[in-house]
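In: Turn this into a model:
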Amino acid sequence: SSRERYAMKHLLLVVLISFGMAVQAQLKTYPVGLHTGMPHNDDYTVRVRMLGGEWQDVFEYKVQVDLDKPQDASMVQFDMGSPVEVMVKKNNGTVREVAIRPLNNNIACRQVQNAVFFTLDKPQNLSIEFNGDRLHNLHLFANPMEEEVYSEEAEGVMFFGPGIHRPKDLPNNQIRIPSNTTVYLAPGAVLKAKLLVDNAENVRIIGRGILDHPVRGIEITDAKNVLIDGITVVNPEHYTVFGGGSSEIVIRNLKTFSCKSWSDGIDMMCCRKVLVDNAFLRTGDDCIALYNHRWNWWGGSSDITVRNSVLWADVAHPINVGGHGDPDSLTGEVIENLTFHNIDILEHDEDDPLYQGCMTVDCGDKNWVRNVLFEDIRVENIQEGRLFYVKVRFNPKYDKQPGNGIEGITFRNITYTGVGENASLVQGLDKNRCVRNVVFDSIMINGVKMKHLKGIIKNEFIEDIEIK
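Out: Numbers count the residues shown, from 1 in each chain. The predicted structure is shown next:
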């Protein structure tokens, strides 16, 4: 009937309008970045739009990278919930070539004069590099849409709105977060402070805001059930996230840059039940470091997973496991049940042979390291360093005792596409401090499958090394 047809047309119109509104809400940029006092970098002009929609400007932040000689790079970010088109225009010099990394993401671009255009079908973290320049590149963070948004203080919510915020706790430059608290950093919020979660539980630190040049980004000590989701940390003096003696930590969609000595990304000491998911870490020291006893924490480490992430170590290790332990304990501490899955390593550069290794298991200070899986990891480039480094060690700079042993290390589905790296290394220390049960499964080095240990530095204190 005509009434039914009208009803159907009306329903279709409502659906189309609702769909259109939903589509419009699937891209969010943050023009408030212009008013925060954060430095702008004019190397690039970046715009983004819904497919077929109006172009929107995004703010190009200046961030510093590389410990050896800090350089000014760029960073932009926005939120997307459906496909978008991005324009990146290089404002100085000509464009000879363009790389969009990780290469595994297979982002094709179209060049028009000194600009490139490309489409993103899902959120992801990218490095856009013109003419092979990785020190003045553009870091593009396409976040998922925020699921939880606050506009003011609420019960149990510590709110930081657009603009610059400084702590009242001076000279410590920190803000202490109590239990049962959500910290929300709104888009455009710039917090010049360390966030301290100490002897607390049920804490969430969320949003799209920035921690700018803190002493440390976030410190989680003797805490339980802590979530970090969506924030960016720019050039901390020390760690981006430090965990000591804590458990049930989830770190999701964290982005960081650092360019100073000991400016690690995520360091965990004697922590358990930790998940790092969808992080982008470009650091002036180790990206990920998992340790046992140091300072005020004892008891070993276990059940830590790092997945779906991009690691870029301008200096030191992308992944470093097994250092620092309790040399005075009777049997030593154990670090075990670690998983590194679906990771792109864009760079590894370390001059000192003692600290080389994209994937490092470096066992000292009476530690035992057991059951570590490296799986589906793509290493694009090594400036100076090694692909694999598995060693029971005694390093007098950091150790009071040698490590006890390493057992159960699996490298599976690893690809490497660089050239000129130093040889990988698998070594025990002596007949009582061995490396046992190491599996190399489907290792592809420049398109050639690894079939033997030839070319790997090894000694007589390794047992049960298998190549598949």
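In: which residues touch H348?
Out: 313, 317-318, 356-358, 379, 381-385 (Cβ atoms under 8 Å, 6 or more residues apart in numbering). No exception for glycine: its C-beta is placed from N, CA and C like everyone else's.
In: Going by distance to D326, which of those residues wins?
Out: For D326, the nearest member of the contacts of H348 is H317. The distance, counting by Cβ to Cβ, is 22.0 Å.
In: burial of that closest one, as a residue count?
Out: 29 (other Cβ atoms under 10 Å).
In: From the contacts of H348, list the buried ones, please.
Out: 313, 317-318, 356-358, 379, 381-383, 385 (16 or more other Cβ atoms under 10 Å).
In: Using JSON lines, lay out the contacts of H348 together with distance to E54, secondary structure and pLDDT.
Out: Shown next, in JSON lines, are these (distance: Cβ to Cβ, whole Å; DSSP: H, G, I helix; E, B strand; the rest coil; pLDDT from 0 to 100):
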{"residue": "A313", "distance to E54": "39", "secondary structure": "strand", "pLDDT": "97"}
{"residue": "H317", "distance to E54": "44", "secondary structure": "coil", "pLDDT": "97"}
{"residue": "P318", "distance to E54": "39", "secondary structure": "coil", "pLDDT": "98"}
{"residue": "Q356", "distance to E54": "49", "secondary structure": "coil", "pLDDT": "97"}
{"residue": "G357", "distance to E54": "48", "secondary structure": "coil", "pLDDT": "97"}
{"residue": "C358", "distance to E54": "43", "secondary structure": "coil", "pLDDT": "98"}
{"residue": "V379", "distance to E54": "40", "secondary structure": "strand", "pLDDT": "98"}
{"residue": "N381", "distance to E54": "37", "secondary structure": "coil", "pLDDT": "96"}
{"residue": "I382", "distance to E54": "43", "secondary structure": "coil", "pLDDT": "97"}
{"residue": "Q383", "distance to E54": "41", "secondary structure": "coil", "pLDDT": "95"}
{"residue": "E384", "distance to E54": "46", "secondary structure": "strand", "pLDDT": "97"}
{"residue": "G385", "distance to E54": "45", "secondary structure": "coil", "pLDDT": "97"}
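In: From those residues, pick the one nearest E463.
Out: Looking across these and measuring by Cβ to Cβ, the closest to E463 is G357, at 20.6 Å.
In: Distance of that closest one relative to D286?
Out: Per Cβ to Cβ, to the nearest Å, G357 is found 10 Å from D286.
In: Mind listing the shared neighbours of those two?
Out: 317, 319-320.
In: Any idea how far stretch 79-86 is from the middle of the chain?
Out: Taking the mean of its C-alpha atoms, stretch 79-86 sits 21 Å from the chain's own mean (Cα atoms, centre = their mean, to the nearest Å).
In: Stretch 126-144 now?
Out: 15 Å.
In: Show the average pLDDT along that stretch.
Out: Averaged across stretch 126-144, the pLDDT comes to 98.
In: longest strand of this protein?
Out: strand 334-348 (DSSP state E).
In: Restricting to C-alpha, output it in PDB.
Out: The C-alpha trace of strand 334-348 is given here as PDB (Å, rounded to 0.1, in the frame of the first residue of the first chain):
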ATOM      1  CA  VAL A 334      63.200 -16.400  37.100                       C
ATOM      2  CA  ILE A 335      61.800 -14.400  34.200                       C
ATOM      3  CA  GLU A 336      59.500 -16.700  32.200                       C
ATOM      4  CA  ASN A 337      56.500 -17.000  29.900                       C
ATOM      5  CA  LEU A 338      57.200 -14.100  27.600                       C
ATOM      6  CA  THR A 339      55.600 -13.600  24.200                       C
ATOM      7  CA  PHE A 340      56.500 -11.100  21.400                       C
ATOM      8  CA  HIS A 341      54.000 -11.400  18.500                       C
ATOM      9  CA  ASN A 342      53.300  -9.500  15.300                       C
ATOM     10  CA  ILE A 343      55.900  -6.800  15.600                       C
ATOM     11  CA  ASP A 344      57.600  -4.600  13.100                       C
ATOM     12  CA  ILE A 345      61.100  -3.500  14.000                       C
ATOM     13  CA  LEU A 346      62.000  -0.500  11.800                       C
ATOM     14  CA  GLU A 347      65.500   0.100  13.100                       C
ATOM     15  CA  HIS A 348      68.300  -1.100  15.400                       C
END
